[in-house]
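Chemist: pasting the sequence and the predicted model now:
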Amino acid sequence: MRQTWVTPGGVHPPENKLQSLKQPIGQLPIPHKLVVPLGQHIGASAIVCVKVGDKVSKGQKIADPSGVVSAAIHAPTSGTISAIEARPVAHSSGMTALCVEITSDGEDKWGSLTGIADFEHTSPRALLSIITEAGIAGMGGAGFPTAVKLNPGFQRPIDTLIINATECEPYITADDALIRERAEGIIEGIRILSHILGNPDNIMIGIEDNKPEAIKALAPHIQDTGINLVSFPTKYPSGGEKQLIYILTGKELPSSKIPADIGMLCINIGTTYAIKRAVVNGEPLISRVTTVTGEACGINRNYDVLIGTPVEHMLEYNNFDAQRCSRVIMGGPMMGFSLTSQKIPIVKTSNCILAPSVEEIPHNEPAQACIRCGMCAEACPASLLPQQLLWYSQAKDHDRLESHNLFDCIECGACSYVCPSNIPLVQHYRSSKSDIKKAQEEKVKSAQARERFEFRQQRIELADKEREAKRAARREAAKLAQASTASNTTADIVAAAQARAATKKASPEQELAKLERAVSSAQMRVQKAQDKLDSALANTETGEKINILTAALSGAQQKLEKANFRLAEHSK
Amino acid sequence: MLDFIIQQPIIAALVALAGLGVIFGALLGFAAEKFKLEGDPVIDQIDELLPQTQCGQCGFPGCRPYAESIAAGDAINKCPPGGQSTINSIASLLDVPAPELDQEHGQEAEVKSVAYIREDECIGCTKCIQACPVDAILGAAKLMHTVIVDECTGCDLCVEPCPVDCIDMIPVDTGIKQWQWPTPPLPNGLIATDRINSTEPPQGGSSHEDAA
């Protein structure tokens, strides 16, 4: 048997796993309407690629991944798209998010499926694109897109592949049931993963020793495959990524590092089965095994349930007794969250629907003051100081929270579980974590705003300076011009005027023509005056009129003489 | 040398002390030149804490001028966009008591908002572009303008100059990705015997449940 290591802390809550393992994995009738959220994974929500009224076949892609860290979404059954709108989704906030509603046609007809039987002769890159297209995201709870996790280009090659079959949280048996019934497919999925990662030296399946049936089911299939099945004592939370790596390898994952940084990769066992289905059968991720359990359910059982099935549909087929139920929880009792509505659909990460009775999980009692008993510190699997973090969290002392490694908290809830004062410690940490993240984002934004503001100030200053410089230059020019006019004397002005007149003087030919024209026009006028006088004399007009005309004639004659004189002068 | 020290201990001591004084004086003088600080570092620290909306609600033309004024002794509660948290952090930086926000300068907004230009109504006057302290409005004369939402600080300085009132301040979308865990209430001083009579309703929507 392989050596295993023991993690610090941890708790042993009642397991409550047996009741849901009495029957094999069941099938539920297809609900009339399925609601498929577009954001079922960590990262950007998928972008819908169908319209209301479209007919879709089972497994048809209804939303494309947006960006690198995202996953595609597929129709879980055949039918018609009846709505694309915001609906309540599986989220601690109870808020709504964009969902695609499919009205089932009851036929559950697949589109064309193309699987690859011979994956060993397919390139890892091609297999990765199949995994991306199949919309596979981690099914253990976090929902990180698997193709991104497997993507090559790590700092160092992956030498250890860890398959997480721990399932340490009470009540949940989905992975256990899956292993019991579909061990062969799981092993095939692991072989595909190993091929993609270039056959890492160590492949380990980590499983708690409270699943003897599952261990028995896996054992025959791992012979001669190089896969090690490692079982270790049951303790919550052994299934955390960091904890499992330590248990199996004795290596501690440094703070704020991912397993790939130390050459390891951790994949949930349900995800490996989904990978097998995607690669070998060509089926995208449209269903998962989910446990329906709790005393308020008449039947406790695992189901292979379609993504998008409303929780109320599952409860209905399990003789749900609303009177006895304290609340419906998605996930386990330690890390799950209460659902605000039973219409919320199952998503890729929903491993359990827990409907406990009031006696089973009573309502939270009001928190009391911390008595500094230190039980939380003993229970913490990450060796943090929960009570110290509580003080800093209440004081909103972000610096101290970070220096006490708040971000290494895996939110397992072991501290709250042991707290004799019922302090909801994890909620305090979650709240502080989101506060710190928001403050960091704001800091980045304000730095950006400052930079833009300062740049604008500089630009305006520069523009002002330029304008000022231009104005100064213009003033200078005007002053120069003024100075040059002021220095002129009267004599200069006369000389300048004469010079101007000189330049204006016409050429001698033009002058001659002008004078000749003047002489001829003067002659004409004399002629006219003579004619008028003659006609007046002929008509025997009054003496006065004749006098005027005689004067005009003599005037014209004088002008003619003058013109003749000028012409003669010019001709000299 | 040794003889001189033994024979004239007082003079020797005086010489030694004077020598030390000269050496350390030179060292200090050198350090003062070498590590000279330009400007007041506390202004930068205060500026770092201010929200950089550049809204001018404090009465100063931007966040840095207000930071300079605080460093010179002005009140620290004149920044509505920063709100109480900014006041608290400046107070702890300067080691002074944290006052409440001065309502004269405005109220702390519940939700952040950004400017939005109704583009059909925009006449392209560029008045808002000139008003924007962070160059977050794009457009040109007689051409439609629009706000770069990612750069908008929500200072609302562009709203007032708009001659056709086509700028709205709309709250930032607080979707499921922006949701924050609420802070649990502080323990209200219950003692064990009170718990039986406690009428406090169960905390709905809580994340963690104790297993039975």
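Modeler: Structure received.
Chemist: when you work out contacts or count neighbours from here on, use the C-alpha atoms and nothing else.
Modeler: Will do.
Chemist: how about the strands in chain B?
Modeler: B:113-117, B:137-138, B:146-147, B:167-171 (DSSP state E).
Chemist: give the other helices and strands that the second one contacts.
Modeler: Using 3 or more C-alpha pairs under 8 Å, 6 or more residues apart in numbering or on different chains; DSSP states H and E as the contact definition, the elements that strand B:137-138 packs against are helix B:127-131, strand B:146-147.
Chemist: can you do 6 Å?
Modeler: strand B:146-147 (3 or more C-alpha pairs under 6 Å, 6 or more residues apart in numbering or on different chains; DSSP states H and E).
Chemist: let me see the mean pLDDT of the strand it packs on.
Modeler: Regarding strand B:146-147, the rounded mean pLDDT is 93.
Chemist: what's that strand in contact with?
Modeler: Outside strand B:146-147, the residues within contact range by C-alpha atoms under 6 Å, 6 or more residues apart in numbering or on different chains are B:117, B:136-138.
Chemist: of those residues, which pair is most distant in space?
Modeler: B:Ile117 and B:Ala136 (11.8 Å; C-alpha to C-alpha).
Chemist: how about the strands of chain B in TSV, adding mean neighbour count?
Modeler: Converted to TSV, the strands of chain B look like this (neighbours: other C-alpha atoms under 10 Å in any protein chain shown):
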stretch	mean neighbour count
strand B:113-117	21
strand B:137-138	19
strand B:146-147	20
strand B:167-171	16
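Chemist: to B:Asp102, which of those strands lies closest?
Modeler: The nearest among the strands of chain B, by C-alpha to C-alpha, is strand B:113-117 at 20.8 Å.
Chemist: show me the strands in the stretch 151-300 of chain A, by range?
Modeler: Using DSSP state E, counting those that start in this stretch, the strands assigned to the stretch 151-300 of chain A run over residues A:160-165, A:202-208, A:227-232, A:264-268, A:287-293.
Chemist: columns mean pLDDT and mean neighbour count on top of those strands, output as JSON lines?
Modeler: Converted to JSON lines, the strands of the stretch 151-300 of chain A look like this (pLDDT from 0 to 100; neighbours: other C-alpha atoms under 10 Å in any protein chain shown):
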{"stretch": "strand A:160-165", "mean pLDDT": "94", "mean neighbour count": "25"}
{"stretch": "strand A:202-208", "mean pLDDT": "93", "mean neighbour count": "23"}
{"stretch": "strand A:227-232", "mean pLDDT": "92", "mean neighbour count": "20"}
{"stretch": "strand A:264-268", "mean pLDDT": "93", "mean neighbour count": "22"}
{"stretch": "strand A:287-293", "mean pLDDT": "94", "mean neighbour count": "27"}
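Chemist: please parse chain A into its domains.
Modeler: Per the record, chain A has its domains at A:18-354, A:366-478, A:507-571, by automatic domain parsing.
Chemist: which helix runs longest in the chain?
Modeler: Using chain A. Across chain A, the longest stretch assigned as helix under DSSP state H is helix A:425-486.
Chemist: switch to chain B, that's the one I care about
Modeler: helix B:9-34.
Chemist: picking that back up, which one of the strands of the stretch 151-300 of chain A lies nearest to chain B?
Modeler: Nearest of the strands of the stretch 151-300 of chain A to chain B, taken as C-alpha to the nearest C-alpha: strand A:287-293 at 13.6 Å.
Chemist: what sits up against the closest one?
Modeler: A:174, A:300-307, A:351-354.
Chemist: which one of these is nearest to chain B?
Modeler: Among the contacts of strand A:287-293, and counting by C-alpha to the nearest C-alpha, the member closest to chain B is A:Leu354, at 11.4 Å.
Chemist: neighbours around the closest one, how many?
Modeler: For A:Leu354, the count of nearby residues is 28 (other C-alpha atoms under 10 Å in any protein chain shown).
Chemist: any idea which residue sits dead centre in chain B?
Modeler: The residue lying closest to the centre of chain B (C-alpha atoms, centre = their mean) is B:Leu50, at 2.0 Å.
Chemist: got the phi/psi numbers for that residue?
Modeler: Dihedral angles of B:Leu50 (phi, psi; degrees, to the nearest 10) stand at phi -70, psi 150.
Chemist: how much space between it and B:Glu100?
Modeler: Going from B:Leu50 to B:Glu100 by C-alpha to C-alpha, to the nearest Å gives 16 Å.
Chemist: how about the residues of the stretch 251-400 of chain A by chain B?
Modeler: Within the stretch 251-400 of chain A, the residues that sit near chain B (C-alpha under 6 Å from any C-alpha of the partner chain) are A:333-334, A:337-338, A:360-361, A:363-364, A:367-369.
Chemist: drop anything exposed from the residues you listed.
Modeler: Buried members of these, scored by 16 or more other C-alpha atoms under 10 Å in any protein chain shown, are A:333-334, A:337-338, A:360-361, A:363-364, A:367-368.
Chemist: same list (those residues) but as CSV, adding secondary structure and pLDDT.
Modeler: Formatted as CSV, these follow (DSSP: H, G, I helix; E, B strand; the rest coil; pLDDT from 0 to 100):
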residue, secondary structure, pLDDT
A:Pro333, coil, 92
A:Met334, coil, 92
A:Phe337, strand, 91
A:Ser338, strand, 91
A:Glu360, coil, 87
A:Ile361, coil, 86
A:His363, coil, 81
A:Asn364, coil, 80
A:Ala367, coil, 86
A:Gln368, coil, 85
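Chemist: against chain B, how distant is A:Gln223?
Modeler: With the distance defined as C-alpha to the nearest C-alpha, to the nearest Å, A:Gln223 ends up 38 Å from chain B.
Chemist: from A:Thr272, how far off is that residue?
Modeler: For A:Gln223, the distance to A:Thr272 - C-alpha to C-alpha - is 18 Å.
Chemist: low-confidence ranges in chain A?
Modeler: A:1, A:152-155, A:486-490, A:503-507, A:541, A:572 (pLDDT under 70).
Chemist: appreciated, that's everything.
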